[in-house]
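Novice: sequence and predicted structure below; questions after.
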Amino acid sequence: MTDSVVRIRGVDKTFGAGADRTPALQHIDLDIPKGAFVSLIGPSGCGKSTLLRLIGDLTQPSAGTVEVNGKTAHRARLDRDYGMVFQAPVLFDWRTVQGNVELPLEVSAKNRSARADRAKSMLALVELTGFERRYPWQLSGGMQQRVAIARALSFEPAILLMDEPFGALDEMTRERLNLELLRIWQQTGTTIVFVTHSIPEAVFLSTHVAVMSARPGRIVELIPVDLPQPRNDLTREDERYFRFITRVRERLRGREMARPGAAEVAAS
Amino acid sequence: MFRAARSAVSLLVLIAVLAVLWEVVKLLGGDPSEAWTPPFQWSVASDLNMPHLWDIAASFVEPAQRNGPPLGLVLVNAGIFTFREAFGGFVFGALLGLALAIVFVHSPLLERALVPYVVASQTVPIIAIAPVVVIWLQGGWLAVAVISAYLTFFPVTIAGLRGLRSPDPRALELMRSYASTSRDVLLKVRLPAAAPYLFAAFKVAATASVVGAIIGELPSGIRDGLGGAILNFNQYYVSGPPKLWAAIIVAAIVGIGFFALVRAAEVVFLRGRVAPSDA
């Protein structure tokens, strides 16, 4: 238990009550080792975002426990152990790029010059030096998402929670940001939990892929992806890479045999 | 800058067109003069009801009372006086309106309980409220500002509430993940997000505050403002129709001026934002 950053035991999550009761997650057990890159993958509505939100204490489990760094998820949130990145960058229009990155630091009452230094080094990390004074709407979608990543990392969270962060970007931007995210992951040593519905993306990025079943969501298998590090464009042409993709795809499909229509959605 | 100049020009053109229209009506149906006998006789277009524009213009330089200062000076002073009251009412109203919006956004219970009364308050005519406020506060500048605030807080509350609710739910989740206080959420997310909504309401409130101040002057017996001037020139209309029109023009200028002031503040305050900042 020593080096698990996230420890989930017997978690159920049910939405609604009475006739509207919808079980979203069932019997989730998951350990995420320190420094791991874990992707949650599964068909739409399988509760992967809900699981991410449970880890981040944005919603509470109906049963079971979520521990982060040996604390409750709630305590971990108050200790600012999380960085969050959503599918949309959710930047603030009225703040410059640097102002956006500084926001979490303002909340944690860092002094002005420490904030500015930290924001500048985070922007350097995501290769946006020179864009500090720009406003978010002056940047492309990919650049906005990089600002969101810089912001999430600004107070050095122990764990970075990413909910389909590249889902709204075009394929080429997405592949470039995948490489950048891996570089950032290696430079910072942050543990990352990453929700995606792209199988190749999950395999390319992760040290572990958690394959989930359709509602109610369960973790079908936690597949360790032992492709060599650091990964790069050659990884995408590696035969083992394709084998992992096939394995994840079959695992996703395995649970969906009864509903072939849903399997296509899951595998797409 | 270019757009500001263009809208100023189009405003001047509009005023010129209205002025020409006014005089054309006079030409067609006004009172006969030595030089011209109009083809029609419309009572609305008589010199009593629609004085010639040059008579109105001339009235500004003529003394308002025998041996007194020119009417223009009297009206400018009255305009400044009324603007002060309106500004006070605007500030009271904006602060009250914003405070209510902030309370409501944090307490759905209070929102449900009080919003119907806030709405109902606006269905009571200001004319009925004004004398009561004057009696309570014993007249004077404060009473007028309160009456003016009565008209201005409402749009600020409604637009403010909408604006404070406008942030993306994920923006609020982000703040939650930073373990931020609700004060930080208010100051760093909700209020900045509400700013464009608030400025839209402030523009409505600015013109309403001038109306409120003019109406507030009537029951408070204040003679130094535009309300007093309008009442006075209305009573003695027959002896000098252009004077009332001159007072109306000054009242309009005060209202438009206040609006322009808020608009200028909006441009400065919201610069750099993606949100379209058209008036």
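Specialist: Done, it's in.
Novice: tally of neighbours for residue 184?
Specialist: Here I'm looking at chain A. Residue A:184 is flanked by 21 other residues according to other Cβ atoms under 10 Å in any protein chain shown. Using the backbone N, CA and C atoms, a C-beta is placed for each residue, glycine as well.
Novice: I was thinking of chain B, sorry if that wasn't clear
Specialist: With other Cβ under 10 Å as criterion, residue B:184 counts 18.
Novice: ditto for residue A:70
Specialist: With other Cβ under 10 Å as criterion, residue A:70 counts 12.
Novice: mind listing the strands for the stretch 101-250 of chain A?
Specialist: Secondary structure of the stretch 101-250 of chain A (DSSP state E, counting those that start in this stretch): strands located at A:159-163, A:191-196, A:208-212, A:219-224.
Novice: tell me the centre residue of chain B?
Specialist: residue B:207 (1.5 Å; Cα atoms, centre = their mean).
Novice: surely it touches residue B:260?
Specialist: No. Contact criterion Cβ atoms under 8 Å: residue B:207 and residue B:260 do not qualify, at 10.6 Å.
Novice: okay, and the common contacts of these two?
Specialist: By Cβ atoms under 8 Å, 6 or more residues apart in numbering or on different chains, residue B:207 and residue B:260 have no common neighbours.
Novice: quick one: stretch B:173-193 near chain A?
Specialist: Yes. Using Cβ under 8 Å from any Cβ of the partner chain, stretch B:173-193 reaches chain A at B:173-181, B:184, B:188-189, B:192-193.
Novice: give the contact list for residue 98.
Specialist: Reading this off chain A. Counting by Cβ under 8 Å, 6+ apart, residue A:98 touches A:116, A:119-120, A:123, A:132-133.
Novice: not what I meant, chain B
Specialist: By Cβ under 8 Å, 6+ apart, the contact set of residue B:98 is B:156-157, B:160, B:198.
Novice: could I get those residues as CSV with pLDDT and distance to chain A?
Specialist: Below are those laid out as CSV (pLDDT from 0 to 100; distance: Cβ to the nearest Cβ, whole Å):
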residue, pLDDT, distance to chain A
B:156, 96, 19
B:157, 96, 22
B:160, 96, 16
B:198, 96, 13
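Novice: please point out which parts of stretch B:14-27 sit buried.
Specialist: By 16 or more other Cβ atoms under 10 Å in any protein chain shown, the buried positions in stretch B:14-27 come out as B:22, B:25-26.
Novice: number of residues surrounding residue A:131?
Specialist: Neighbourhood size, residue A:131 [other Cβ under 10 Å]: 19.
Novice: wait, I meant residue B:237
Specialist: Residues lying near residue B:237 (other Cβ under 10 Å) number 15.
Novice: and the lengthiest helix in chain A, what does it pack onto?
Specialist: In chain A, with assignment by DSSP state H, the single longest helix is helix A:171-188. When contacts are defined as 3 or more Cβ pairs under 8 Å, 6 or more residues apart in numbering or on different chains; DSSP states H and E, helix A:171-188 packs onto helix A:112-125, helix A:141-153, helix A:199-205.
Novice: the inter-axis angle of that helix versus helix A:112-125?
Specialist: Computed by axes from the mean of the first three to the mean of the last three Cα atoms, to 10 degrees, the angle separating helix A:171-188 from helix A:112-125 equals 130 degrees.
Novice: okay, domains of chain B per the record?
Specialist: For chain B, automatic domain parsing gives the domain ranges B:1-50, B:71-269.
Novice: lowest-confidence stretch among the ones you listed?
Specialist: Lowest mean pLDDT within the domains of chain B: domain B:1-50, a mean of 88.
Novice: now residue B:175, nearest residue through space, not along the chain?
Specialist: Distances taken as Cβ to Cβ, 6 or more residues apart in numbering or on different chains put residue B:185 closest to residue B:175, at 5.0 Å, once the chain neighbours are dropped.
Novice: who touches stretch A:127-143?
Specialist: A:89, A:91-93, A:95-98, A:100, A:119-120, A:123, A:144, A:146-147, A:150, A:168-169, A:173, A:176-177, A:180, B:272-274.
Novice: emit the ChimeraX select command for whichever of the residues you listed are buried.
Specialist: A single ChimeraX command is used to select the members of those judged buried by 16+ other Cβ under 10 Å:
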select /A:89,91,92,93,95,96,97,98,100,119,120,123,144,146,147,150,168,169,173,177,180
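Novice: look at residue A:161 and say how many residues are nearby.
Specialist: The number of residues packed near residue A:161 is 24, by other Cβ under 10 Å.
Novice: which parts of the stretch 51-200 of chain B sit against chain A?
Specialist: B:168, B:170-171, B:173-181, B:184, B:188-189, B:192-193, B:195.
Novice: I'd like the distance from the residue nearest to residue B:175 to residue A:83, if you could.
Specialist: Going from residue B:185 to residue A:83 by Cβ to Cβ, to the nearest Å gives 18 Å.
Novice: now do residue A:183
Specialist: Distance of residue A:183 to residue A:83, given as Cβ to Cβ: 16 Å.
Novice: between these two, which one's more packed in?
Specialist: The residue with more neighbours, out of residue A:183 and residue A:83, is residue A:83; 28 against 15, by other Cβ under 10 Å.
Novice: name the element that one belongs to?
Specialist: Assigned by DSSP states H and E, residue A:83 belongs to strand A:82-85.
Novice: now flag whichever of the buried residues of stretch B:14-27 is closest to residue A:236.
Specialist: Closest to residue A:236 out of the buried residues of stretch B:14-27 is residue B:22 (76.8 Å), distances taken as Cβ to Cβ.
Novice: which residues does the closest residue to that closest one other than its chain neighbours contact?
Specialist: Leaving aside its sequence neighbours, residue B:22 sits nearest to residue B:53 (Cβ to Cβ, 6+ apart; 6.2 Å). Residues near residue B:53 by Cβ under 8 Å, 6+ apart: B:19, B:22-23.
Novice: of those, which belong to helices?
Specialist: B:19, B:22-23.
Novice: residue B:211: what secondary structure?
Specialist: Following DSSP: H, G, I helix; E, B strand; the rest coil, residue B:211 is assigned to helix.
Novice: what's the pLDDT at residue A:11?
Specialist: Looking at residue A:11, its pLDDT is 88.
Novice: is it in contact with residue A:64, as I believe?
Specialist: Yes. The pair residue A:11 and residue A:64 qualifies as a contact (Cβ under 8 Å) at a distance of 3.5 Å.
Novice: and the closest residue to residue A:241 other than its chain neighbours, how close does it get to chain B?
Specialist: Here the nearest residue to residue A:241 in space, its sequence neighbours aside, is residue A:235; by Cβ to Cβ, 6+ apart that works out to 5.6 Å. Look at residue A:235 and chain B: by Cβ to the nearest Cβ, to the nearest Å, they are 31 Å apart.
Novice: and residue A:235, what pLDDT?
Specialist: So, for residue A:235, pLDDT stands at 88.
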